[in-house]
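A.B. asks: structure for the following, please:
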Amino acid sequence: MAEQYGYAGKILRVDLTDKIITEIPSANYLPKYVGGRGLAAKIYWDEITPEIGALDPENRLIFATGALTATGAAYAAPSVCLAKAPCIYPVSTIYPSIALGRWGYEIKFAGYDAIIVQGKAEKPVYLWIKDGHVEIRNAASLWGKTTSQTRMKLMQMHGKNVQAACIGPAGENLVIQSIIAVDCNTAFAHGGFGAVMGSKNLKAIAIRGTGSIKVANPKRILEVNEHMRKVATILPGETRSVGGKTIVGKHRPPVPYFWQYMWPKGTKMGREQELGLVKMSPSGCPGCNTICKTKVRLADNAVHSGSFECGESLLWAGQEQEYYGGRPAGRVLYEFAILTDDLGIDSSLVSSMAWMGFPVDFGPEAPGGGSIMHLDMLREAHKRGILTEENTGLPWSKYGSQEFLREYTYKIAYREGFGDVIAKGPALSTKYIMEHEE
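C.D. replies: The predicted structure is shown next:
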């Protein structure tokens, strides 16, 4: 048998209905269908027929990695989750969602190039995978927990180095905007795959791998990594020779805060950071020179420590700014990032960007067939008197506040009252509101 490079050589298949665990040779698909997305798409088109619904047991939940994953190559952290997505409207179809972090690495280190989950367990379960050993375990003690609580519990049971993909209450309750979290604010966020996982009664997949992936030319990978590092770290105005070419670092417009790991001066969080009550530090994914995350620790633990990406800091900034006046205070937008991750909700599908001048687009190109920032539409409906505090149970007079944030997100995650309408997804909830306008 020829030496295999870049791949683990096996694909794991778990049938939750029949409790059958099998392995498939990766050679059935690779290297013809290269990349995690290509591999997952081939499996999807081979096995998913048009009549299968997104939340049917027959739908496949496919986690796949690429040839560079876990090889030491830079910028190779992304892995893909692919399935028939409930968030696509009006007809559910194939959708790939990408997550960063160590999840893809751990799949490869455990001996697999991809994981296929099908069927539905009778009761809540989780998968435990360690170096090729796979078990379907009872998840009664995990069901109902948030994503951070689930990760913590799995680390207590299986060791601190375990990597877990899990759902929160939103996924358990089949909320269409639900995510599969793989780390704090790292998730397969788009597509509604938390609902697909929840429909299978699968709370989590916990993985620990101690293997390695062979590389045909390790020296060349290191050379390419060094080339990428030189390009990525060039400073504005600096001239540097890279690969025989002279490049000059471009000046960027000044970035005001958040991804410089500082809240703006004059805000509550800015003052607390100066006093040492809020600590922030840069963070990123393995093998990546782009440090796009910020770790946050609050001295009073009012919101548990975690991290967020720069874009997430904008998704509640406008609402907070509007409520408190002037610049966003910081506390509420940080809680938004942590709370949506904990509950397992796609933050982009329940937030707003209208304040930034982004057009509110209700066209079909956005996932779910509506504005990707669904809160824009809800707010507009409130302004026009269609949605009120009486018929939604939401404190619209406190829009942007911590109280509004908590009421809004908890109602969605647990499908309580008006939250059950929003949990149908942007398109169907918009349709429902229009049909019940009076």
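A.B. asks: rest of the way, CA atoms for contacts and neighbours
C.D. replies: Fine.
A.B. asks: what sits up against stretch 234-244?
C.D. replies: By C-alpha atoms under 8 Å, 6 or more residues apart in numbering, the residues outside stretch 234-244 that reach it are 227, 230-231, 246-252.
A.B. asks: going through those residues, which ones are buried?
C.D. replies: Among those, those scoring as buried are 230-231 (criterion: 16 or more other C-alpha atoms under 10 Å).
A.B. asks: list the ones among the contacts of stretch 234-244 that fall in strands.
C.D. replies: Among the contacts of stretch 234-244, the residues falling in strands (DSSP state E) are 246-248.
A.B. asks: which of the contacts of stretch 234-244 sits closest to Ala216?
C.D. replies: Distances from those to Ala216 were compared by C-alpha to C-alpha; the smallest belongs to His227, at 18.8 Å.
A.B. asks: please name the residues that touch the closest one.
C.D. replies: If you count contacts by C-alpha under 8 Å, 6+ apart, His227 has them with 242-243.
A.B. asks: need the per-residue pLDDT for it.
C.D. replies: We have a pLDDT of 85 for His227.
A.B. asks: over to Phe404?
C.D. replies: Reading off the model, Phe404 has pLDDT 92.
A.B. asks: tell me the SS of it?
C.D. replies: helix (DSSP: H, G, I helix; E, B strand; the rest coil).
A.B. asks: before we move on, what about the one 4 residues further on?
C.D. replies: Of the three states, Tyr408 takes helix according to three-state DSSP.
A.B. asks: I'd like the contacts of stretch 234-244 laid out as a markdown table, including distance to Gly425.
C.D. replies: Shown next, in a markdown table, are the contacts of stretch 234-244 (distance: C-alpha to C-alpha, whole Å):
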| residue | distance to Gly425 |
| --- | --- |
| His227 | 43 |
| Lys230 | 43 |
| Val231 | 41 |
| Thr246 | 49 |
| Ile247 | 46 |
| Val248 | 46 |
| Gly249 | 43 |
| Lys250 | 41 |
| His251 | 40 |
| Arg252 | 37 |
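A.B. asks: which of the contacts of stretch 234-244 has the weakest pLDDT?
C.D. replies: Arg252 (58).
A.B. asks: how about stretch 22-31: buried residues?
C.D. replies: For stretch 22-31, burial by neighbour count (16+ other C-alpha under 10 Å) applies to 26, 29-30.
A.B. asks: which other residues reach that stretch?
C.D. replies: With contact meaning C-alpha under 8 Å, 6+ apart, stretch 22-31 is reached by 8-14, 39, 42, 113.
A.B. asks: and it, end to end?
C.D. replies: End-to-end distance of stretch 22-31 (C-alpha to C-alpha, to the nearest Å): 21 Å.
A.B. asks: so who does Gly171 touch?
C.D. replies: Listed by C-alpha under 8 Å, 6+ apart, the contact set of Gly171 reads 178-180, 193-198, 344-345, 413.
A.B. asks: and the residue nearest the centre of the chain, helix, strand or coil?
C.D. replies: For the chain, Ala187 is the residue whose C-alpha lies nearest the centre (C-alpha atoms, centre = their mean; 2.0 Å). At Ala187 the chain is in strand, as set by three-state DSSP.
A.B. asks: from Arg102, how far off is the closest residue to it other than its chain neighbours?
C.D. replies: Sequence neighbours aside, Ala181 is the residue nearest to Ala187 in space, at 4.2 Å (criterion: C-alpha to C-alpha, 6 or more residues apart in numbering). Distance from Ala181 to Arg102, counting by C-alpha to C-alpha: 12 Å.
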